[in-house]
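> No sequence on hand, only this structure:
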C-alpha cells in the first residue's frame with residue numbers, strides 16, 4: 001500500500017472560504033478511498049494563510065518534515081496555487097521531495113512531478129500562479145489607496161480612539177490620558193521620562209496594559225491623529241511574496257488628510273509639543289544619541305574596535321520587547337563594520353553587575369549604620385535631601401500655583417484657547433484640593449512617627465540597596481566602570497575604584 005498525504009489551503013478565514021476548506025478535505029478523503037492501492041496517511045491543512053510564502057504555513061512545513069522522515073510516498077494537492085504561489089518555493093520543495101522518492105500530484109492541473117515533463121509543466125503553472133498573486137496584490141493596494149483617499153481608516157484602535165468600519169471615534173478614558181500627556185509635555189515642560197513615571201505612579205496603563213516608558217510617550221506625542229489629522233501608508237510592502245512591511249521613507253506617496261476626525265488635542269498645544277520635540281532632538285536631550293539615560297550607556301565596550309555598544313529594541317515572538325546592545329561600529333552605515341559578532345541583552349548585563357557586586361561579600365552592617373546615622377542627622381538638622389511626605393506635598397502645591405499662573409500667561413498671550421485654559425485650570429484646582437487633603441493626613445501621620453521606626457525604615461532600604469534586592473539606576477551607574485565584550489563570547493566587568501576583573505562566558 002502506498003501511504004498518501006494530502007495538502008489543502010485557503011487564503012482567508014471568511015465563511016465562504018471556510019466552506020471551501022471543509023470541501024477540500026472531504027474531496028481528498030473520497031479521492032484516496034477510490035484507489036485500492038492507496039492508504040490515507042494524513043491530510044495537512046492551513047487555513048487563512050497566504051500561499052506566497054511557506055514560512056508561516058505550519059501544516060505545510062510539518063508535511064515536508066514528515067516526508068523527510070519517510071512517512072508517505074505521495075502528496076496530493078488540488079492545484080499548483082494551493083501548494084504555493086511562489087515559483088521558487090514550488091520548484092525547490094518538489095525537487096527535494098522527488099530526490100526523497102516522494103511524488104507530488106496536482107489533481108486538477110494533471111501534473112505529477114515524477115512524469116518526464118512534470119517539472120516543465122509545473123514551472124509554467126507555478127509562474128502563472130505567482131503572476132496571479134502579483135496582479136491580486138496590485139488590485140488590493142490600488143483599492144486600499146482609493147479608499148484611503150476617501151478618508152477610510154486602515155488601522156487598529158489606539159489610546160483615545162476606537163476604529164470601527166474605517167471610522168475613528170473618541171474613546172473618553174483614553175483621551176483623558178492623551179490630553180494629560182500633551183499638557184504635561186507642552187505646557188508644563190515635563191520630560192517624557194517624568195511623564196511616564198507620573199502615569200505609572202497614578203496607576204494608568206498603556207493601551208495594551210503595560211507600564212509607561214519614555215518611548216511610548218514620544219510615540220504618542222508624534223502621532224498626528226491626536227490633532228485630528230490622518231496620515232496613512234506610513235509603511236509599505238516592497239515584496240508581495242514575503243509580505244514584510246518596511247517604513248515608508250518616500251518610496252511610495254503617503255496619503256494625508258487634515259482635520260479628518262475629532263481631535264483630542266488643540267492645534268495650538270500640538271504645535272507647542274512638536275516645537276519642543278524639535279528643540280530636544282536638535283540638542284540630543286530627548287530621544288537619540290549616546291546619552292546616559294540607561295545604566296549601560298557608553299559602558300559596554302568592544303574589545304576589537306574599542307567602540308561603545310549601542311542599544312536597540314528587539315520584539316520577541318511572544319510580543320515582549322527586550323533591549324539589546326551591539327557594537328556601534330558594526331551597526332553604523334558607511335563604515336567597514338566590526339566582526340565582534342556579539343549581542344548583549346540589557347537584563348543579562350544587569351545580572352552580571354548584580355553577581356559582581358554580591359560577590360564582594362561586603363559587611364553591610366557598618367555601612368548601613370553609618371548611612372542611617374547620616375540620614376537621621378540630616379533630618380534632625382532640617383537639611384535632609386529626601387523630604388518627608390508633607391514637605392513633598394507642599395512642594396507640589398507650590399508647583400501647581402506656578403502652573404496655574406503659567407496657564408493664564410499662555411492664555412493672555414494667545415498661545416492657547418479659552419477652552420484649553422479653563423480645562424487646565426480646573427484640573428489644577430482639583431489637584432490642589434487632593435494634595436491639600438493628603439497634606440493634612442501626612443502631617444497627622446508624621447507627628448506620630450517616632451525616630452525608631454524611621455531608623456528601621458532607612459536601614460531596610462539601605463540593606464536592600466547594598467544587597468541588590470532592589471534595582472537602583474543611580475547606584476548601578478555609580479558602581480559600574482565598564483563591560484568589555486570579546487570575540488570568543490566572554491565578557492569582563494570592572495567596578496569603579498576596584499582592581500579585580502569579573503569574567504563571564506556565554
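Yep, that arrived. Note that the structure is predicted; figures quoted are calculated from it, not measured.
> how is this protein carved up into domains?
Structural domains annotated on the chain: 2-145, 151-283, 387-471, as defined by automatic domain parsing.
> Verify the stated contact: residue 347 with residue 320.
No. Using C-beta atoms under 8 Å, residue 347 makes no contact with residue 320, being 11.0 Å away. Placement of C-beta: from N, CA and C, glycine included.
> which outside residues touch the helix or strand harbouring residue 502?
Residue 502 belongs to strand 501-504 when assigned by DSSP states H and E. Applying C-beta atoms under 8 Å, 6 or more residues apart in numbering, the contact partners of strand 501-504 are 352, 355-356, 359, 490-495.
> nearest to residue 505, of the domains of the chain?
Of all the domains of the chain, domain 387-471 sits nearest to residue 505, with 21.3 Å by C-beta to C-beta.
> Need the mean per-residue confidence for the closest one.
Domain 387-471 carries an average pLDDT of 72.
> Ok, stretch 68-75 next?
In this model, stretch 68-75 carries a mean pLDDT of 94.
> any residues touching it, and which ones?
Stretch 68-75 has contacts (C-beta under 8 Å, 6+ apart) with 2-7, 38, 41-42, 63, 66-67, 97, 100-105.
> Swap in 6 Å and give it another go.
Contact partners of stretch 68-75, identified using C-beta atoms under 6 Å, 6 or more residues apart in numbering, comprise 2-5, 41, 102-104.
> For residue 109, give me its contacts.
If a contact means C-beta under 6 Å, 6+ apart, then residue 109 has 79-80, 125 as its contacts.
> before we move on, the earlier item: which of the contacts of strand 501-504 scores worst on pLDDT?
Least confident of the contacts of strand 501-504 in the model: residue 359, at 84.
> If you tally nearby residues, what's the number for the residue lying closest to that one once chain neighbours are set aside?
Nearest in space to residue 359, with sequence neighbours left out and distances taken as C-beta to C-beta, 6 or more residues apart in numbering, is residue 502 at 7.3 Å. Residue 502: 18 surrounding residues under other C-beta atoms under 10 Å.
> And for residue 491?
Around residue 491 sit 21 other residues, with neighbours defined as other C-beta under 10 Å.
> Tell me how far residue 147 lies from residue 138.
Residue 147 sits 15 Å away from residue 138, going by C-beta to C-beta, to the nearest Å.
> all strands of the stretch 151-300 of the chain, in order?
For the stretch 151-300 of the chain, the strands defined by DSSP state E, counting those that start in this stretch cover 161-164, 167-170, 230-232, 235-236, 246-247, 255-257, 300-302.
> Out of these, which one sits most buried?
Neighbour counts averaged per stretch over the strands of the stretch 151-300 of the chain are highest for strand 300-302, at a mean of 22; criterion: mean count of other C-beta atoms under 10 Å.
> residues touching residue 344, list them.
Residue 344 is in contact with residue 325, counting by C-beta under 6 Å, 6+ apart.
> Residue 270 versus that one, what's the distance?
Using C-beta to C-beta, residue 344 is found at 39 Å from residue 270.
> from the chain's centre, how far out does the longest helix along the chain sit?
Criterion DSSP state H: the longest helix present in the chain is helix 118-149. Between the centre of helix 118-149 and the centre of its chain there are 32 Å (C-alpha atoms, centre = their mean, to the nearest Å).
> about what we covered before: could you give me the ChimeraX syntax to select whichever of the contacts of strand 501-504 are buried?
Listed next is the ChimeraX selection for buried residues among the contacts of strand 501-504, using 16 or more other C-beta atoms under 10 Å:
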select :352,356,491,492,493,494,495
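> Adding distance to residue 226 as columns, could you present the contacts of strand 501-504 in TSV?
Compiled in TSV, those are given as follows (distance: C-beta to C-beta, whole Å):
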residue	distance to residue 226
352	41
355	44
356	45
359	49
490	48
491	43
492	47
493	43
494	46
495	45
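> The contacts of strand 501-504 in helices, which ones?
Counting by DSSP H, these contribute 352, 355-356 to helices.
> Against residue 8, how distant is residue 91?
Residue 91 is 20 Å from residue 8, by C-beta to C-beta.
> same thing with residue 33?
Residue 33 is 16 Å from residue 8, where distance means C-beta to C-beta.
> and residue 294, what is it in contact with?
Listed by C-beta under 6 Å, 6+ apart, residue 294 has no contact partners.
> try 7 Å this time
residue 311 (C-beta atoms under 7 Å, 6 or more residues apart in numbering).
> which residues in the stretch 301-450 of the chain form strands?
Here the stretch 301-450 of the chain has its strands, by DSSP E, counting those that start in this stretch, at 309-315, 321-327, 344-345.
> angle of the first one against strand 321-327?
The one in question is strand 309-315. 150 degrees (axes from the mean of the first three to the mean of the last three C-alpha atoms, to 10 degrees).
> buried stuff in strand 309-315?
So for strand 309-315, counting by 16+ other C-beta under 10 Å, buried means 309-311.
> coming back round to it: mind checking which of the strands of the stretch 301-450 of the chain is nearest residue 174?
Per C-beta to C-beta, nearest to residue 174 of the strands of the stretch 301-450 of the chain: strand 321-327, 21.1 Å.
> which one of residue 33 and residue 8 has more residues nearby?
Neighbour count, other C-beta under 10 Å: between residue 33 and residue 8, residue 8 has more, with 23 against 11.
> Report the secondary structure state of that one.
With DSSP: H, G, I helix; E, B strand; the rest coil as the basis, residue 8 sits in strand.
> Brilliant, that's me finished.
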